[in-house]
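[1] quick one, fold the following:
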Amino acid sequence: MNKISCIVAGPRGKMGSEALRMIEKDDTLELAACIDRKHEGERVQDIDGLPSMGAIIYTDAEICMQEVEADVLIDLTTPEYGYKHTKLALENGIRPVVGTTGFSDDQLSELRQLAETKQLGAVIAPNFAVGAVLMMQFSKWASKHFPDVEIIEKHHDQKLDAPSGTAAKTAQLIQEEREEHKQGHENEKETIEGARGANYDGMRIHSVRLPGLVAHQEVIFGGLGQTLTIKHDSYHRESFMSGVKLAATEVMNLDVLVYGLEHLLD
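    Down below sits the predicted model:
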């Protein structure tokens, strides 16, 4: 069985470097190249803190994808670069697996159409931790019975987007089951703007950013005389790697863009 050849974008990031270590240990994946803002022409093994791998680093994503034969792009960068890299990958016949959040609806629509035109699989996942995906699905189910809900997501203080893609995805899933309505007192007033968090379809989303955190979310449902809390915590970024591997494997069997890891789970 041939190994799945991967390009990793963002190899020096915390998620990207974890993906390299996952590929290094895996028997079904291999590293073809990396895309980074620095270190043009150097090898991964020459960069402090990265695994001993001989793949070459490119600073120009387009040149990388034109010169390197690869099956899959694993992108764990930022929304700006993630969108550009995903589009370039599809245009060059490479299947993207993207853990970057913050895509707009228009960008997702464009990428879906491009994947369909090229008949190439693509996976964009707000969260690659299987436990987080289950948390989102459980929350969707619970919202049928508990329509009053608030979401609290907590991440490290270097995260660029708020709310997180996981929180936004959770809210979208709940929206599918819950009728929009305003929560709290009808005459509620914020004495400090933003105190009640973001308003999404009548439910509230709160974002916490602190050093020491990785990725955490709790979805709190309220009902008469009771509350229900569904919570997930990622304490280390290796928690995301089983989902990355699953997506990199399953994307080879797709010919459309899939948004959300839940579509790849049994």
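[2] what's the domain layout of this protein?
    4-124+238-264, 130-235 (automatic domain parsing).
[3] residues in contact with the helix or strand V219 falls within?
    Using DSSP states H and E, V219 sits within strand 215-223. Here strand 215-223 makes contact (Cβ atoms under 8 Å, 6 or more residues apart in numbering) with 127, 129, 132, 135, 139, 142-143, 145-146, 148-156, 164, 166-167, 170, 174, 227-234. Heads up, the C-betas are built off the backbone N, CA and C, glycines and all.
[4] quick check: next helix or strand after it?
    Strand 215-223 is succeeded, C-terminally, by strand 226-234 (DSSP H and E).
[5] buried set for that following strand?
    For strand 226-234, the neighbour count (16 or more other Cβ atoms under 10 Å) marks I230, H232, D233, S234 as buried.
[6] of those residues, which is the nearest to D36?
    Nearest to D36 among the buried residues of strand 226-234: S234, at 24.2 Å, using Cβ to Cβ.
[7] picking that back up, among the domains of the chain, which is the most enclosed?
    Most buried of the domains of the chain by mean neighbour count (mean count of other Cβ atoms under 10 Å) is domain 4-124+238-264; its value is a mean of 19.
[8] now that one: how far from the chain's centre is it?
    12 Å (Cα atoms, centre = their mean, to the nearest Å).
[9] got any ranges where the stretch 151-266 of the chain has weak pLDDT?
    Filtered on pLDDT under 70, the stretch 151-266 of the chain yields the residue ranges 266.
[10] let me see the ranges of the strands in it.
    Counting by DSSP state E, counting those that start in this stretch, the stretch 151-266 of the chain has strands at residues 198-200, 203-209, 215-223, 226-234, 257-259.
[11] returning to that earlier point: reformat the buried residues of strand 226-234 as JSON lines; add distance to M241.
    Shown next, in JSON lines, are the buried residues of strand 226-234 (distance: Cβ to Cβ, whole Å):
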{"residue": "I230", "distance to M241": "23"}
{"residue": "H232", "distance to M241": "16"}
{"residue": "D233", "distance to M241": "16"}
{"residue": "S234", "distance to M241": "11"}
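[12] okay, helices next: where are they in the stretch 101-250 of the chain?
    Secondary structure of the stretch 101-250 of the chain (DSSP state H, counting those that start in this stretch): helices at 105-118, 130-142, 165-175, 241-250.
[13] any idea how far E218 is from S139?
    10 Å (Cβ to Cβ, to the nearest Å).
[14] overlap of the contact sets of those two?
    Residues touching both E218 and S139 (Cβ under 8 Å, 6+ apart): I230.
[15] make CSV out of the strands of the stretch 151-266 of the chain and add distance to K3.
    Formatted as CSV, the strands of the stretch 151-266 of the chain follow (distance: least, Cβ to Cβ, whole Å):
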stretch, distance to K3
strand 198-200, 42
strand 203-209, 38
strand 215-223, 29
strand 226-234, 27
strand 257-259, 22
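[16] wait, which of those is closest to P79?
    The nearest among the strands of the stretch 151-266 of the chain, by Cβ to Cβ, is strand 257-259 at 14.2 Å.
[17] show me what that closest one is packed against.
    helix 105-118, strand 122-124 (3 or more Cβ pairs under 8 Å, 6 or more residues apart in numbering; DSSP states H and E).
[18] helices and strands around the first one, which ones?
    Right, the one you point to is helix 105-118. Using 3+ Cβ pairs under 8 Å, 6+ apart, helix 105-118 sits against helix 79-91, strand 122-124, strand 257-259.
[19] rerun at 10 Å
    helix 79-91, strand 95-98, strand 122-124, strand 257-259 (3 or more Cβ pairs under 10 Å, 6 or more residues apart in numbering; DSSP states H and E).
[20] mean confidence for the third one?
    Looking at strand 122-124 alone, the average pLDDT works out to 96.
[21] neighbouring strands - and their directions - for that strand?
    Strand 122-124 pairs in its sheet with strand 95-98 (parallel), strand 257-259 (parallel), by DSSP bridges.
[22] in a markdown table: those, plus distance to R196.
    Listed next are these as a markdown table, based on distance: least, Cβ to Cβ, whole Å:
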| stretch | distance to R196 |
| --- | --- |
| strand 95-98 | 32 |
| strand 257-259 | 28 |
